[in-house]
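> I would like the atomic coordinates for the input below:
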Amino acid sequence: MSETVPTAHLNGTAHAAGEASLREQCTALGIEWMEKAPEASAEAIGLLDADVAVRLRAVPFSIDGRRLAIAMADPTDLASVDELAALTGRAVRRVGLESSAFAELMRLAYGTTAARMAQSLADDSGLAAPDVEHNLDAIEAEDVHRMAEQPTLINLVNLLLLEAIQSRASDVHIEPFESELRVKYRIDGVLVSQPPPPKHLQAALIGRVKIMANMNIAERYVPQDGHITLRFEGRKVDIRVSTVPTLYGESVVMRLLDKSSLPLDLVSLGMSETHRSLIDRMIAKPHGLVLVTGPTGSGKTTSLYAALSKLYDPRKKIITIEDPVEYELEGINQIPVNPKRGLTFATGLRAILRQDPDVIFVGEIRDAETVDIAIRSALTGHLIFSTLHTNDAISSVGRMVDMGAEPFLIASVIEGLMAQRLGRRVCRRCATRRPMPEDVAARLTDAERRWFRGEVTVGVGCEECGQSGFRGRMGFFEVIRISAPLRAAIASNRPVIELRSLLGDDFVTMRVDGLMKASQGLTTVEEVLRATQDVDDVTE
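Prediction:
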């Protein structure tokens, strides 16, 4: 974890245009705008805690009597201005500041990060019970509650979450071991270790998360699930919390669902024009079944959200049933699965059919009952989208047969199949061209090597990508539109190897799709091979 408090990343033309518009608004409202960071007094900085400053994107820099001058990333945010006045007990004079200057001022004023705050609490005996490192079972629930309600501990957890959001993390892992407590952020699909908090903060830290998620703080021996909602920079961030008991205490994973960061169009997901054209033809069908396949975390749901958003029309009734509802889609009815109340995918799908839907999205086909209802729904004039866990697109046919679906019924309703994996994008700021390493070239066919002409694009690491060389992720896709010969072979229950031979010369595998993107400098060969190695057996 860096020693700075990062600010939200906006880049390119949109960033410049947004900043110019904000500057114009400030000028019109008579709000002072600065190009360079002002000198900040320690007295002014001390009036606002670091986690609050990061959350509100505001840095106090001078005091004039009862008035406090505060530099803000968005001085037009009146809700933040009101909160700042209430927290500091002073009248606020807001000042706009150019984004890079604001980031520098924030770094100078609040170098505190979650790691440094945790370190400062290392010797705080009020946050630990005696012999906590070796006797976690002996801590009473009342003691955990008392420790978790300490203001410093609350600030630590808030700052930890804020840093995760600003780092574009999708998950936060808190893992207890015998002599340490590890914190990791999953950024662009890869776990990144953070400086560990002191072990004696374990009970308090995990207790605080459980309180925020409305979980039972006294229960430490069974898995629990909870939910936290945060406001960050004017947007809502939903956090799904899961705990499981391990040998040395509870392991916590927090899934960060930030709707504003969800790319709801197929271009942003990295889909090629050819594949987008195939998808457009599939979703334009009045009825049928479209399946997206891939392992957990491969972006299947996001792709289907993008398709549903493109398909949305007020004249159509679109209903989803999901486990859980990850993001709220405007104008679309979304139903969360609730097995404890008897609401499964199968029972929910039956109920949806009585709601006069045009388009239905079933979060996942898991069993024979769900696949049977989905197929019959497609037969009766509905367009059905769903996901399956298979390695490649064509294998989903065999998977449905294994679940008990009749091959002739599958052939009657199936309109399209898509499989995908996710790989990291090369950071645009630090991308550079280099000769292709010999060990990488050895893993490619002769034809594939020719696409690169001996050079590859890599990220050397910079401040924007956290020195990783990558920023963001993109999809590697394969899309199958069902042809007449393929439909006939499916109806005859032909083996997968025979179905694959009918895909045609224009069919592009995930590996090839990924390598073509790597040859364009969008990702690296290693990322493509890592993501697709379970799919293709490459022969020269």
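
> Go ahead and flag the most central residue of this structure.
Residue closest to the mean C-alpha point of the chain, counted by Cα atoms, centre = their mean, is residue 170 at 4.0 Å.

> got the contact list for it?
Residue 170 sits next to 186-187, 189, 255-256 when contact means Cβ atoms under 8 Å, 6 or more residues apart in numbering. From N, CA and C alone the C-beta is placed, and that goes for glycine too.

> now do residue 275
Per Cβ under 8 Å, 6+ apart, neighbours of residue 275: 266, 477, 479, 508, 513.

> Most neighbours of all these, which one?
Neighbour counts for these (other Cβ atoms under 10 Å) peak at residue 477, which has 30 neighbours.

> Whichever strand or helix holds that one - which strands sit beside it in the sheet, and in what orientation?
Per DSSP states H and E, residue 477 falls inside strand 470-481. With DSSP bridges as the test, strand 470-481 is paired with strand 414-426 (antiparallel).

> what is the rounded mean pLDDT of the very next helix or strand once past the partner strand?
Per DSSP H and E, the first helix or strand lying C-terminal to strand 414-426 is strand 431-435. Averaged across strand 431-435, the pLDDT comes to 95.

> Just the buried residues of strand 431-435, please?
residue 431 (16 or more other Cβ atoms under 10 Å).

> before we move on, the earlier item: which ones among the contacts of residue 170 map onto strands?
186-187, 255-256 (DSSP state E).

> For those, which two are the farthest from each other?
187 and 255 (13.5 Å; Cβ to Cβ).

> Give me the more crowded residue out of those two.
residue 187 (22 against 16).

> Identify the bridge partners of that one.
residue 169, residue 190.

> now the contacts of residue 275 as CSV including distance to residue 489 and pLDDT?
Putting these into CSV (distance: Cβ to Cβ, whole Å; pLDDT from 0 to 100) gives the following:
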residue, distance to residue 489, pLDDT
266, 28, 89
477, 23, 96
479, 18, 96
508, 20, 93
513, 24, 96
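
> so which two of the residues you listed are the farthest from each other?
Those two in those that are separated most widely, counting by Cβ to Cβ, are 266 and 508, at 15.1 Å.

> Per-residue pLDDT of the residue nearest to the centre of the chain, please?
Taking residue 170 on its own, its pLDDT is 91.

> now do the one 5 residues further on
In the prediction, the pLDDT value recorded for residue 175 is 96.

> hang on, residue 451 packs against residue 521?
No: counting by Cβ atoms under 8 Å, residue 451 stays clear of residue 521, with 11.6 Å between them.

> Tell me which of the two has more neighbours.
residue 521 (18 against 13).

> correct me, but that one touches residue 455?
No: contact criterion Cβ under 8 Å: residue 521 and residue 455 do not qualify, at 9.3 Å.

> Overlap of the contact sets of these two?
Common neighbours of residue 521 and residue 455 (Cβ under 8 Å, 6+ apart) are residue 433.

> pLDDT weak spots in the stretch 1-150 of the chain?
By pLDDT under 70, the weakly predicted segments of the stretch 1-150 of the chain are 1-19, 111-150.
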